[in-house]
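Engineer: Fold the stuff below for me.
(one chain, ligands or ions: 1)
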Amino acid sequence: MAVKLDGKKLSIKLTNDLQVETKTLKNQGIIPKLAVILVGDDPASRVYVRNKHRMAEKIGIESLDLRLAKDTSEAELLEKIALLNNDPTINGILVQLPLPDQINADRITKTISPKKDVDGFHPYNLGRLFVNDPYAIPCTPNGIMYLLREYGISVDRKNVVIVGRSKIVGRPLAALMLNQNATVTVAHSHTKNLSEITRQADILVAAVGRVNFIQAQDVKPGAIVIDVGINRNAAGKLVGDVEQTEVGQVAGYLTPVPGGVGPMTIAMLMKQTIEFAKWSKQEK
Ligand SMILES: Nc1nc(=O)c2c([nH]1)NC[C@@H]1CN(c3ccc(C(=O)N[C@@H](CCC(=O)O)C(=O)O)cc3)C=[N+]21
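Structural biologist: Residues are numbered from 1 along each chain as shown. The predicted model follows:
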């Protein structure tokens with residue numbers, strides 16, 4: 001049976017540490033503040049945004065809850081972001097994805113100041129990560145690295161296979177792994193003989209968004225398997241990209257869904273907001 005990589009448990013520990021840190025900062029007159037913008041009323045997004053506000057409150061981060069109608073124009077959203085960029089009390093800005101069709105997400109991402117880009121999605125921040133001089137790091141990849149480190153798993157000299165090449169998970173995770181001396185393969189929908197490749201992985205990361213995409217025959221015995229998927233199955237249950245039951249028999253370590261990568265993502269978001277608050281003071 002695979003050892004569970006318990007993101008839920010680790011995120012609680014981290015959250016407690018962050019809570020202590022915000023108390024110290026408060027004594028120095030620093031109160032970290034995060035602005036979260038939700039456009040529209042997608043039910044899943046509302047749940048995620050609510051969780052972010054709850055976690056912020058628990059830690060002692062102020063959060064600004066900005067809700068915009070689903071027919072908001074791109075110009076209106078850009079204007080909102082400009083105001084937040086120029087507001088010195090705001091340390092972090094997050095625009096919840098996905099956005100409605102009339103809004104170009106790349107243009108929004110590029111408008112958020114890189115110094116307030118808590119998601120780490122701005123091309124400036126992705127570029128700095130790519131050249132191994134990171135500023136803000138995308139939360140999901142950062143959470144995965146944190147989880148591995150905390151379980152004493154080094155990626156140095158490991159064969160890492162990442163399935164998925166998204167801007168927010170696959171690509172930045174590949175950079176983080178490479179920066180720590182892993183040998184990285186990024187596989188995707190055009191990859192030939194995918195199962196042959198995934199079976200070479202010492203560390204296998206599934207970030208494709210498809211239920212049961214990785215099965216036991218795709219996994220080397222003893223491998224470390226990271227399930228980044230957040231899908232609903234036919235019964236409406238939250239499931240990842242990995243067929244957990246059988247893979248759990250083959251793998252050495254496995255992240256559950258829920259309770260694996262998801263809670264680490266939120267914890268990293270909070271950590272980044274606090275760092276931004278500290279950095280903004282240091283520059284003054
Ligand atoms: N600008 C932006 N930044 C994001 O970071 C971002 C986003 N947009 N859009 C949507 C995705 C998704 N995402 C999740 C974060 C935590 C959980 C999480 O905590 N999941 C829990 C379970 C939650 C549940 O039960 O639904 C878990 O896996 O245990 C899930 C999904 C952040 N995203």
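
Engineer: Which residues outside stretch 244-254 are in contact with it?
Structural biologist: Contact with stretch 244-254 is made by 1-5, 151, 153, 214-216, 219-225, 227, 242, 256-257, as judged by C-beta atoms under 8 Å, 6 or more residues apart in numbering. Placement of C-beta: from N, CA and C, glycine included.

Engineer: For stretch 27-43, list every residue counted as buried.
Structural biologist: Neighbour-count burial for stretch 27-43 flags 30, 32-40, 42 (criterion: 16 or more other C-beta atoms under 10 Å).

Engineer: How far does it stretch from one end to the other?
Structural biologist: End-to-end span of stretch 27-43 (C-alpha to C-alpha, to the nearest Å): 38 Å.

Engineer: before we move on, back to that, same list (the buried residues of stretch 27-43) but as TSV, adding pLDDT and secondary structure.
Structural biologist: Shown next, in TSV, are these (pLDDT from 0 to 100; DSSP: H, G, I helix; E, B strand; the rest coil):
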residue	pLDDT	secondary structure
I30	97	coil
P32	98	coil
K33	98	strand
L34	98	strand
A35	98	strand
V36	98	strand
I37	98	strand
L38	98	strand
V39	98	strand
G40	97	coil
D42	92	coil
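
Engineer: mind checking how far N27 is from G60?
Structural biologist: For N27, the distance to G60 equals 12 Å [C-beta to C-beta, to the nearest Å].

Engineer: and what of L38?
Structural biologist: 22 Å.

Engineer: Identify the residues contacting the residue of the stretch 1-150 of the chain found nearest the ligand.
Structural biologist: The ligand sits closest to L97 of the stretch 1-150 of the chain, with a gap of 3.7 Å, by C-beta to the nearest ligand atom. Residues near L97 by C-beta under 8 Å, 6+ apart: 105, 168.

Engineer: from the contacts of stretch 244-254, which would you call buried?
Structural biologist: 2, 4-5, 153, 214, 219-220, 223-225, 227, 242, 256-257.

Engineer: quick one, helices of the chain?
Structural biologist: 7-27, 43-59, 74-85, 105-111, 123-130, 139-150, 170-179, 194-198, 244-250, 261-282 (DSSP state H).

Engineer: Just the mean pLDDT for stretch 134-146, thanks.
Structural biologist: Regarding stretch 134-146, the rounded mean pLDDT is 98.

Engineer: same thing with stretch 57-72?
Structural biologist: Stretch 57-72 comes out at a mean pLDDT of 98.

Engineer: Identify all contacting residues around it.
Structural biologist: With C-beta under 8 Å, 6+ apart, stretch 57-72 has contacts from 15, 18-19, 22-23, 26, 31-41, 49, 52-53, 56, 76-77, 80, 90, 100, 102-103, 270, 273-274.

Engineer: swap the cut-off to 7 Å and go again
Structural biologist: 15, 18-19, 22-23, 31-41, 53, 56, 77, 80, 100, 270, 273-274 (C-beta atoms under 7 Å, 6 or more residues apart in numbering).

Engineer: Buried residues, it. List them.
Structural biologist: Within stretch 57-72, judged by 16+ other C-beta under 10 Å, the buried ones are 59-64, 66, 68, 72.

Engineer: Before I go, just wanted to say thanks for your time.
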